[in-house]
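[1] Sequence first, then the predicted structure:
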Amino acid sequence: MKRLAVIGPGKVGRTLARLFHDNQVFEIGALIGRDKRPVDEAVAFIGSGEPGGSLQDADIVLVAVPDPALETVIADLIQQDLKPGAIIAHTSGALGLDLFEPLASKDVRCVCAHPVKAFADPARAVETFAGTMTTLQGEASARAELAKAFAAIGGRTLDLPDEIDRTLYHAAIVFMANHLPTLVAAGLSTFEQAGVSREDGIAIAGPILRDVLEAVLETGPAAALTGPVARGDPITVARHLEKLSHADADLAALYAALARATADVAAEKGEASVESLLAIRELTNPG
Ligand SMILES: NC(=O)c1ccc[n+]([C@@H]2O[C@H](COP(=O)([O-])OP(=O)(O)OC[C@H]3O[C@@H](n4cnc5c(N)ncnc54)[C@H](OP(=O)(O)O)[C@@H]3O)[C@@H](O)[C@H]2O)c1
């Protein structure tokens with residue numbers, strides 16, 4: 001069995017190592033961190049691994065340190081004795097292949113392997129990993145090996161071209177996956193302003209949120225869009241904005257920005273009249 005070393009066995013590092021260990025995909029070798037205690041905790045969580053062990057016998061070195069440390073940690077690998085042909089993979093979403101440039105003279109295969117998942121709680125992440133998409137960029141044979149390994153732990157992979165803009169790639173995921181909770185928080189605050197409790201708000205919104213999300217993913221944003229903007233109803237939008245601006249200026253500004261963007265989706269849907277969407281754009285003009 002091939003051997004996996006992890007530099008930075010934090011949330012992502014220990015979750016993936018545990019999954020690879022549990023499914024007998026890789027033997028777990030060195031676990032390298034800054035302090036002894038978190039590394040010992042990682043060994044206990046994974047059920048295997050050698051605290052501070054050597055990278056020399058690692059077939060795969062997974063670098064899962066926080067983004068600000070990643071550049072230095074990868075560049076420092078130039079001084080390490082690495083196994084010829086080893087795969088060096090980092091798990092960052094925002095950072096790309098250019099971090100591997102300092103290793104160009106080394107006989108290693110470099111890959112960005114970004115698991116597109118929230119790893120806030122490693123125990124939960126292990127339970128819910130099945131179906132997770134990991135995007136791969138970099139050396140082809142290493143991508144193929146990692147694709148097999150991720151499939152063996154219930155994941156999916158997608159190869160990305162080397163030349164994509166990594167910052168915008170990451171911003172796209174942040175837009176959808178990180179801003180969705182913000183949208184729900186704004187809705188719950190608005191419910192509270194209306195006198196509806198948070199608990200009732202979640203009960204009311206839960207089914208429609210799930211339904212809309214499924215529809216958006218199945219049919220696309222324009223086909224799934226409903227509501228006053230899709231219907232071309234500037235009077236209702238104006239009423240919402242007026243009430244919100246009295247209740248909470250930040251909520252009103254967020255609503256206006258989203259309604260303005262929604263007018264573009266509604267235009268694509270084609271049900272609302274051009275005049276009504278122009279009126280909504282006027283109402284929500286930030287200037
Ligand atoms: N969290 C997510 O949901 C998520 C999702 C996808 C991708 N990612 C990416 O995965 C990577 C790791 O994120 P994470 O959330 O797992 O971070 P994390 O939980 O903070 O874990 C980072 C690990 O790196 C160690 N570390 C920090 N600086 C180091 C250094 N200079 N040398 C060696 N080890 C060092 C930390 O040690 P200490 O315990 O001593 O701090 C910790 O074990 C990042 O690139 C992140 O962007 C994260």
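    That came through fine.

[2] Let me see the contact set for Thr157.
    Met133, Thr134, Thr135, Leu136, Arg143, Leu146, Ala147, Phe150, Ala151 (CB atoms under 8 Å, 6 or more residues apart in numbering). Any C-beta I mention is one placed from the backbone N, CA and C, and that applies to glycine too.

[3] Of those, which qualify as buried by neighbour count?
    Burial by neighbour count, 16 or more other CB atoms under 10 Å: within these this picks out Thr134, Thr135, Leu136, Arg143, Leu146, Ala147, Phe150.

[4] and the closest residue to Pro115 other than its chain neighbours, helix, strand or coil?
    Nearest non-adjacent residue to Pro115, counting by CB to CB, 6 or more residues apart in numbering: Thr134, 4.5 Å away. Classification of Thr134 using DSSP: H, G, I helix; E, B strand; the rest coil returns strand.

[5] ok, Thr134 to Thr91 distance?
    The gap separating Thr134 from Thr91 is 8 Å, by CB to CB, to the nearest Å.

[6] List the residues that are in contact with both of those two.
    With CB under 8 Å, 6+ apart as the test, Thr134 and Thr91 both reach Ala113, His114, Pro115.

[7] restrict those residues to those near the ligand?
    His114, Pro115 (CB under 6 Å from any ligand atom).

[8] Just the buried ones among the shared contacts of Thr134 and Thr91, please.
    Buried among the shared contacts of Thr134 and Thr91 (16+ other CB under 10 Å): Ala113, His114, Pro115.

[9] Check for me that the second one belongs to a helix.
    Put plainly, it is His114. No. Counting by three-state DSSP, His114 falls outside a helix, being strand.

[10] hang on, the earlier thing: I'd like the buried ones among the contacts of Thr157 laid out as a markdown table, including pLDDT and distance to the ligand.
    Shown next, in a markdown table, are these (pLDDT from 0 to 100; distance: CB to the nearest ligand atom, whole Å):
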| residue | pLDDT | distance to the ligand |
| --- | --- | --- |
| Thr134 | 98 | 9 |
| Thr135 | 98 | 10 |
| Leu136 | 98 | 13 |
| Arg143 | 98 | 17 |
| Leu146 | 98 | 15 |
| Ala147 | 98 | 17 |
| Phe150 | 98 | 13 |
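
[11] quick one: the helices in this structure?
    With DSSP state H as the criterion, the chain has helices at 11-22, 36-46, 67-76, 122-128, 140-152, 166-173, 179-194, 198-219, 221-224, 228-231, 234-247, 249-269, 274-283.

[12] Per the annotation, how does this structure divide into domains?
    Following automatic domain parsing, one finds the domains of the chain at 3-162, 167-283.

[13] check whether the shortest one contacts the ligand.
    No. Against the ligand, domain 167-283 shows no contacts by CB under 6 Å from any ligand atom, the least distance being 8.7 Å.

[14] The residue in the chain that the ligand sits nearest to: neighbour count?
    Nearest residue of the chain to the ligand (CB to the nearest ligand atom) works out as Gly10 at 1.7 Å. Applying other CB atoms under 10 Å, we find 16 other residues in the vicinity of Gly10.

[15] Spell out which parts of the stretch 1-150 of the chain neighbour the ligand.
    7-13, 32-35, 38, 64-67, 69-70, 73, 91-93, 114-115, 117-119.

[16] The residue of the chain closest to the ligand and Ala64 touch, don't they?
    Yes. Assessed by CB atoms under 8 Å, Gly10 is found in contact with Ala64 at 6.3 Å.

[17] what's near enough to touch the residue nearest the centre of the chain?
    By CA atoms, centre = their mean, the chain has its centre lying nearest to Val116, at 4.1 Å. By CB under 8 Å, 6+ apart, the contact list for Val116 reads Gly93, Thr132, Met133, Thr134, Thr135, Ile173, Ala177.
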